[in-house]
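Engineer: My questions concern the predicted model and sequence given below.
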Amino acid sequence: MKTCMMSTGPIENSNGASGTRSRSGRERDTSILIRNLPVPDRQRLCQHLDSLDVWLQLAQFVKLHPEDVEKIRHKMRLGFSPSDEFLTVWGGQYDHSAYNLFALFQKMSLHHAMRLIMDHVDEKYHKYIPKSMPTISELRRPATNSKINNGPPFASSSGVSNSNNNSMTSVSNSSTQQGLESKQSEILDSMADIGASAVQHVAKSSLEIDYQELVCATNNFSPSNKLGHGGFGDVYKGYWKQINVAIKVMNYRQKNNQVNGQIELRQSYTELKYLSTIRYDNILALYGFSINGDKPCLVYELMIGGSLESRLKWYRAKPQPLIPLTWAERFRISLGTAKGIYFLHTARTTPLIHGDIKPANILLDKCGLPKIGDFGLAREGPKSLNATMKVKHVFGTRFYLPPEFLESNKLSTGVDIYSFGIVLMEVFTGRFVMEHGIENSQKNSLMYVNEIRSQFQGNRLHLFDNRITAPVGDDLERATCAINVGLQCTATNPQERPSMDEVVKRLKVYCDDF
Ligand SMILES: Nc1ncnc2c1ncn2[C@@H]1O[C@H](COP(=O)(O)OP(=O)(O)OP(=O)(O)O)[C@@H](O)[C@H]1O
């Protein structure tokens with residue numbers, strides 16, 4: 001049995017470089033030594049710490065000797081868990097105990113880690129674990145943890161793998177499962193760049209909503225409030241703080257490996273990071289997030305008009321078809337969407353690239369105003385509008401992505417511009433790029449554009465959506481303008497595509513009333 005000096009206030013003795021202990025409130029540490037932690041508990045803990053990638057921060061905090069740090073790094077390269085190595089090295093020094101580790105986690109705000117070893121420290125210290133999960137970094141725990149990973153293994157979210165509603169195909173899912181997993185591993189590697197502190201920062205700058213409020217808002221997630229189902233989970237309508245909202249319940253999938261869940265976590269993080277800071281009429285508002293309940297949730301403004309995709313496929317709605325959008329509505333939606341993308345590209349010094357512009361990600365409010373949602377794949381682009389940068393991974397929905405991105409990983413604002421061009425053509429022709437008839441999605445996209453181009457240059461009789469009355473007068477002029485702009489946006493050479501500024505100007509000529 002070791003002795004441990006500690007104060008009765010916040011735990012003080014985690015700076016274990018030398019195992020220094022507080023001089024006040026000397027008490028006996030009755031906890032077990034780190035090296036005696038039961039194997040399953042230690043494994044669970046290491047899995048969690050590895051997923052946060054915090055071993056180096058822990059090592060630095062306790063001022064581990066550089067040689068020891070190098071030793072851990074070496075083991076990591078050989079495939080060992082760096083957190084486990086850290087526990088071995090630091091746990092072996094001065095016989096550090098579970099209590100010491102608990103105190104270290106407290107200092108570093110690793111609250112879930114505290115929970116994982118709480119059974120090994122005296123109950124009186126449990127009060128140092130915050131009651132609700134304080135930051136979204138907690139979400140980045142391993143898939144073995146039941147609460148947020150207990151959903152059914154349904155298919156996908158934007159562009160990472162197949163969508164359950166077949167509304168998209170992913171770049172990474174286009175080949176074999178093996179290919180998918182190796183691609184996903186690469187993506188997982190790239191998660192390391194987030195870092196726990198960045199995640200915490202984003203979570204702190206967003207509104208954290210108590211889960212119970214969402215339970216009340218949705219009548220305990222009553223099926224009658226369900227709006228739909230996406231790659232991440234169910235979306236519910238709710239009444240919260242005197243307004244209608246949409247609540248996305250994250251159902252991170254648990255698979256043999258943790259990769260899918262981690263990718264979804266990364267996308268949720270990205271969504272929170274960007275959507276919670278952007279305020280613009282044509283960008284979906286994200287009110288906050290909740291992580292202290294059964295499942296993490298994101299809370300958005302309610303878009304009662306549904307997605308543009310569902311409105312363009314109005315004739316497929318069950319139990320009865322929707323009312324189709326008029327030509328004027330289609331034009332206003334196109335202009336609003338263009339403004340939203342223009343804002344993303346120009347609001348900051350570094351353009352923000354949405355990366356997944358398509359009708360499913362354009363939502364309509366009760367007045368038919370379009371708002372762009374689904375920022376899970378958004379990323380900061382090159383410093384200027386005309387520049388290109390090479391990226392490691394291609395994300396998005398293949399059919400909507402331009403050749404230079406798909407083939408050479410060249411990212412620029414031109415990616416969104418190309419996608420928007422496809423959207424314009426879909427909106428006004430009523431023909432969908434994904435339904436164009438061939439397996440190869442890249443060829444699909446090019447053939448789709450070529451077909452529309454040749455019809456545009458020749459006989460336009462069958463060019464416009466023939467499920468509704470043919471456009472005449474102003475409607476015909478607008479529809480023609482929109483398809484023309486769409487064709488320019490989908491130029492194979494990105495330099496030939498107009499900027500979103502130009503796109504907005506060209507569309508505004510025909511519709512200046514909002
Ligand atoms: N803010 C919102 N207001 C109203 N309905 C919404 C809102 N957000 C999503 N929905 C609806 O909920 C359903 C699921 O949306 P979600 O964004 O989760 O999935 P998705 O975009 O279809 O797929 P993925 O997540 O794979 O991109 C869709 O039918 C969508 O129209």
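Structural biologist: Thanks, I have it.
Engineer: Contact partners for the residue lying closest to Leu322 once chain neighbours are set aside?
Structural biologist: Leaving aside its sequence neighbours, Leu322 sits nearest to Trp314 (Cβ to Cβ, 6 or more residues apart in numbering; 3.9 Å). Heads up, the C-betas are built off the backbone N, CA and C, glycines and all. Contacts for Trp314 were tallied using Cβ atoms under 8 Å, 6 or more residues apart in numbering; they are Pro321, Leu322, Ile323, Pro324, Leu325.
Engineer: Could you verify my assumption that Gly293 touches Ile209?
Structural biologist: No - Gly293 lies out of contact with Ile209 (Cβ atoms under 8 Å); the separation is 9.6 Å.
Engineer: Do I have it right that Thr397 meets Asp356?
Structural biologist: Yes - at 6.0 Å, Thr397 counts as touching Asp356 under the criterion of Cβ under 8 Å.
Engineer: re the thing from before, and which of the contacts of Trp314 is nearest to the ligand?
Structural biologist: Leu322 (12.4 Å; Cβ to the nearest ligand atom).
Engineer: Okay, Met118 and the ligand: tell me how far apart.
Structural biologist: Using Cβ to the nearest ligand atom, to the nearest Å, Met118 is found at 34 Å from the ligand.
Engineer: err, Ile452, not the other one
Structural biologist: Counting by Cβ to the nearest ligand atom, the separation of Ile452 from the ligand is 25 Å.
Engineer: hang on, isn't that residue packed against Ile483?
Structural biologist: Yes - using Cβ under 8 Å, Ile452 is in contact with Ile483, at 6.7 Å.
Engineer: tell me, what's touching these two both at once?
Structural biologist: In contact with both Ile452 and Ile483: Met425, Thr429, Leu463, using Cβ under 8 Å, 6+ apart.
Engineer: Export those to JSON lines and append columns for distance to the ligand, neighbour count and secondary structure.
Structural biologist: Output for the shared contacts of Ile452 and Ile483, formatted as JSON lines (distance: Cβ to the nearest ligand atom, whole Å; neighbours: other Cβ atoms under 10 Å; DSSP: H, G, I helix; E, B strand; the rest coil):
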{"residue": "Met425", "distance to the ligand": "20", "neighbour count": "27", "secondary structure": "helix"}
{"residue": "Thr429", "distance to the ligand": "22", "neighbour count": "22", "secondary structure": "helix"}
{"residue": "Leu463", "distance to the ligand": "28", "neighbour count": "22", "secondary structure": "coil"}
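Engineer: list the buried ones in stretch 430-437?
Structural biologist: Gly430, Arg431, Phe432, Val433, Met434, His436 (16 or more other Cβ atoms under 10 Å).
Engineer: Please narrow these to those residing in helices.
Structural biologist: Of the positions in these, not one sits in helices, assigned by DSSP state H.
Engineer: quick one: which of those residues is nearest the ligand?
Structural biologist: The shortest approach to the ligand among these belongs to Met434, at 13.7 Å (Cβ to the nearest ligand atom).
Engineer: and Phe86, what does it touch?
Structural biologist: Phe86 makes contact with Leu49, Trp55, Leu58, Ala59, Leu64, Ile72, according to Cβ under 8 Å, 6+ apart.
Engineer: let's see it at 6 Å
Structural biologist: Listed by Cβ atoms under 6 Å, 6 or more residues apart in numbering, the contact partners of Phe86 are Trp55, Leu58, Ala59, Ile72.
Engineer: okay, now the first one: neighbour count?
Structural biologist: By that I understand Trp55. Using other Cβ atoms under 10 Å, Trp55 has 23 neighbouring residues.
Engineer: so how far is the ligand from the closest residue in space to it that isn't next to it in sequence?
Structural biologist: Once flanking residues are discounted, Trp55 sits nearest to Pro82: 4.1 Å by Cβ to Cβ, 6+ apart. In this view, Pro82 and the ligand are 33 Å apart by Cβ to the nearest ligand atom.
Engineer: Next, give phi and psi for the residue of the stretch 151-300 of the chain found nearest the ligand.
Structural biologist: Nearest residue of the stretch 151-300 of the chain to the ligand (Cβ to the nearest ligand atom) works out as Gly230 at 1.9 Å. In terms of degrees, to the nearest 10, the main-chain angles of Gly230 are phi -120, psi -170.
Engineer: burial measure for it, as a count.
Structural biologist: 20.
Engineer: So for it, what pLDDT did the model give?
Structural biologist: Gly230 carries a pLDDT value of 79.
Engineer: residues in the stretch 251-400 of the chain within reach of the ligand, list them.
Structural biologist: Leu284, Tyr300, Leu302, Met303, Gly306, Ser307, Ala360, Leu363, Asp374 (Cβ under 6 Å from any ligand atom).
Engineer: what about 8 Å?
Structural biologist: Within the stretch 251-400 of the chain, the positions near the ligand by Cβ under 8 Å from any ligand atom are 284, 300-304, 306-307, 309-310, 356, 360-361, 363, 373-374, 376.
Engineer: Which ones among the residues you listed lie within strands?
Structural biologist: Taking DSSP state E, the ones among these that sit in strands are Tyr300, Glu301, Gly306, Ser307, Leu363.
Engineer: For the residue nearest to Phe102 when sequence neighbours are not counted, give its distance to the ligand.
Structural biologist: Once flanking residues are discounted, Phe102 sits nearest to Val121: 4.7 Å by Cβ to Cβ, 6+ apart. Distance of Val121 to the ligand, given as Cβ to the nearest ligand atom: 40 Å.
Engineer: Val121 is in contact with Asn100, isn't it?
Structural biologist: No - using Cβ atoms under 6 Å, Val121 makes no contact with Asn100, being 9.5 Å away.
Engineer: neighbours of the closest residue to Leu275 other than its chain neighbours, just the number please.
Structural biologist: Of all residues not flanking Leu275 in the chain, Leu286 sits nearest, at 3.8 Å (Cβ to Cβ, 6+ apart). For Leu286, the neighbour count with other Cβ under 10 Å is 22.
Engineer: any idea of the pLDDT on Leu286?
Structural biologist: pLDDT, Leu286: 93.
Engineer: Look up the residues forming beta bridges with it.
Structural biologist: Using DSSP bridges, the bridge partners assigned to Leu286 are Tyr300.
Engineer: show me where the stretch 301-450 of the chain has strands.
Structural biologist: Under the criterion DSSP state E, counting those that start in this stretch, the stretch 301-450 of the chain contains strands at 306-307, 352-353, 362-364, 370-372, 379-380, 389-390, 410-411.
Engineer: which secondary structure elements does the fifth one contact?
Structural biologist: Applying 3 or more Cβ pairs under 6 Å, 6 or more residues apart in numbering; DSSP states H and E, we find strand 379-380 packed against no helix or strand.
Engineer: Neighbouring strands of that strand in the sheet, and parallel or not?
Structural biologist: Strand pairing for strand 379-380, using DSSP bridges, gives strand 352-353 (antiparallel).
Engineer: how far does the strand it pairs with sit from the chain's center?
Structural biologist: 14 Å (Cα atoms, centre = their mean, to the nearest Å).
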